[in-house]
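# Quick one, fold the following:
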Amino acid sequence: MLEGLDLSAVRRLFRDLQAVHVGSVTPDGRPHVVPLWFVWLEEAIYVSCRRGSRVERNLAASPRVALTFDRGRAWTELAGAMVSGSAEFLGPDHPAQKRAMSSWFEKYRSELSGARFGVYVEQVSDPALFRVVPDGVAGWAHSPMFG
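Modelled structure (predicted):
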């Protein structure tokens, strides 16, 4: 495990990934981990989920969250980071909402083009957005990615 990583370097390495794995805790204490779409801006990581989803309910009850980012397939390519923090759900009038959603739509524009947008809207009719301001980061690498 690599401790004391430079957060801005970690952001540059992983911000282009398609999904982040979000770890939260269920009411009975079990871990719950799911891949979700995200944007990593300078000040925070913004993650989308379905309103009313298990993730939203878990984080409403206990906002502590772990986000894991990873790359590579072969053992010698694997590298990743785990960012910890607290989730804060943003309402539609929150000052950070517009910029984060604009960046999110820009990142996922190709995924939401044509008929796929209709499928997304059908499956995620009421999206929620939460942000995580990192309070810890650790990484691992079997590759020279972290130098």
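# And the closest residue to Arg71 other than its chain neighbours, how far from Tyr46?
Residue nearest to Arg71 in three dimensions, not counting chain neighbours: Ala79, with 5.6 Å by Cβ to Cβ, 6 or more residues apart in numbering. The C-beta positions use only the backbone N, C-alpha and C, and glycine is treated the same way. Distance of Ala79 to Tyr46, computed by Cβ to Cβ, to the nearest Å: 23 Å.
# what's across from the residue lying closest to Val22 once chain neighbours are set aside in the sheet?
Nearest residue to Val22, sequence neighbours excluded (Cβ to Cβ, 6+ apart): Leu36, at 5.2 Å. Applying DSSP bridges to Leu36 yields these beta-bridge partners: Val20.
# Which strand runs longest in the protein?
When the chain is parsed with DSSP state E, its longest strand is strand 79-90.
# ok, which stretches of this protein are strands?
Secondary structure of the chain, counting by DSSP E: strands at 2-3, 20-25, 31-36, 38-40, 45-50, 64-71, 79-90, 127-132, 136-141.
# Quickly, which of these bottoms out on average pLDDT?
Lowest mean pLDDT within the strands of the chain: strand 2-3, at a mean of 48.
# Against Val65, how distant is the closest residue in space to Cys49 that isn't next to it in sequence?
Leaving aside its sequence neighbours, Cys49 sits nearest to Val55 (Cβ to Cβ, 6+ apart; 4.6 Å). Val55 sits at a distance of 9 Å from Val65 (criterion: Cβ to Cβ).
# shared neighbours of those two, which are they?
Val22, Ser24 (Cβ atoms under 8 Å, 6 or more residues apart in numbering).
# Quick one: mean pLDDT for the longest helix seen in the chain?
The residue-count maximum for a helix in the chain (DSSP state H) belongs to helix 97-107. What helix 97-107 shows for mean pLDDT is 92.
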